[in-house]
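> Just to be clear, the model below is a prediction. Sequence and coordinates:
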Amino acid sequence: MPVQAGRASEEIALQIEAAIVDGRLAPGTRLPSEREMQSQFGTGRGVIREAIKVLKQKGLLEVKKGAKGGAYVRQLDVGNISESLALFLKQHPVDPEKLIEFRETIDRTIAQLAIAHADQSEKDELYQEALRLEAMLREDEPDLVATSELDRQLNIKLASMGRNPLFEWVMHALQMGFSSHDYALYEDRTYRLRAAANWSDTAKAIVGGEIMRALAFIGHHYVLLRKCIEEKAAHTHEPNAEFLQDDNQ
C-alpha cells in the first residue's frame, strides 16, 4: 500500500515483513524491482533502498547481484535464531540459577519424549556416544573443545529423538546461543568425571526406557552443576583469590 512521507522506509519494511511472516512472500521469492516498488509504494528510490537495507539487517532478505540479482526472501534457519539469541543474552545477562532451572525443565521433557518416540537404534547410538564422551573426559588432559562439541551434539541428538521439531529448534538455539555453565563442570577434574558418568547413566536409562531413572540422573546433573558453580563463586570471593588464580596459570 502507498505510504506517507516521514516514516516511509519504516512503513515499507513493516509491510514487506508482514507479507513474509504470513506467507504471502515465500522463501526464495524475488521482490519486485526498485522501480516497481517505487510505483507501488508511491515513494522514491532512496526510501525503497533503506527499507531493503533494514530487512536485510534483520535477516529477512538477501540481496544478490548479477543477471538474476535483486532482493530475495531469505530462508530462516536455526543458526539465525541462535545468533540473535546469543546477542540478546550478551546484552541481557541471565542469572545462572534461572538458566539452570530452565535447562533442567527442558531436559526432563526432552528425555521423556525421546524414551517414548525414538527408535531403539537411536537410543543405542546415544548411549555409545555418551560412553565416548565419558572416555574422552577421563583422559588425563582431555580436549575440552572437542568434548564440549560432543556434549553439544548429544544434547541436540536427544532433542531430535523426541520427534518434536519445536524442542529440537529450541535446543539447537540454546546450544548455539548460550551455555548452561556446563563448562564449569568440565574444567574441574572431580566434577568432570562425575558429569561424564552421569551422561552415560542418563543415556543407559533412556535405552532401557526407564523414565524415572533418567529423570533422576538429569536432576543429579544439575545438582552437581549448582554445587560446582557455588564453589567457584565462593573461591572467587575469597581473599587473595585473584592472586591464587594467577599463580595457578
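Arrived safely, thanks for sending.

> Assign the residue most central in space within the chain to helix, strand or coil.
Nearest to the geometric centre of the chain sits Ala173, at 1.8 Å (Cα atoms, centre = their mean). When classified by DSSP: H, G, I helix; E, B strand; the rest coil, Ala173 comes out as helix.

> What pLDDT is listed against it?
In this model, Ala173 is scored at 79, pLDDT.

> doesn't Leu85 make contact with it?
Yes: assessed by Cβ atoms under 8 Å, Ala173 is found in contact with Leu85 at 5.3 Å. Using the backbone N, CA and C atoms, a C-beta is placed for each residue, glycine as well.

> got any ranges where the chain has weak pLDDT?
Within the chain, the ranges that satisfy pLDDT under 70 run 79, 81-83, 86, 177-180, 237-249.

> so where do the helices sit in it?
Assigned by DSSP state H, the helices in the chain fall at 8-21, 34-41, 45-57, 78-91, 96-117, 120-137, 144-160, 165-177, 182-187, 189-207, 211-236, 241-248.

> Please identify which of the ones you listed is closest to Ala67.
helix 34-41 (16.3 Å; Cβ to Cβ).

> contacting residues around Ala216?
By Cβ atoms under 8 Å, 6 or more residues apart in numbering, the contact set of Ala216 is empty.

> still on that earlier bit, please convert the helices of the chain to TSV, extending it with distance to Pro2.
As requested, these are exported to TSV (distance: least, Cβ to Cβ, whole Å):
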stretch	distance to Pro2
helix 8-21	9
helix 34-41	6
helix 45-57	12
helix 78-91	31
helix 96-117	45
helix 120-137	54
helix 144-160	46
helix 165-177	37
helix 182-187	53
helix 189-207	58
helix 211-236	56
helix 241-248	63
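
> out of those helices, deepest packed?
Among the helices of the chain, ranked by average contacts under mean count of other Cβ atoms under 10 Å, first place goes to helix 189-207 (a mean of 20).

> which outside residues touch that helix?
Residues contacting helix 189-207 (Cβ under 8 Å, 6+ apart): 111, 114-115, 118, 120, 123-124, 126-127, 129-131, 133-134, 137-138, 142, 151, 154, 158, 182, 184-186, 211, 213-214, 217-218, 220-221, 224-225, 228.

> domain parsing for this structure?
8-73, 79-248 (automatic domain parsing).

> what's the closest of these to Met1?
domain 8-73 (6.6 Å).
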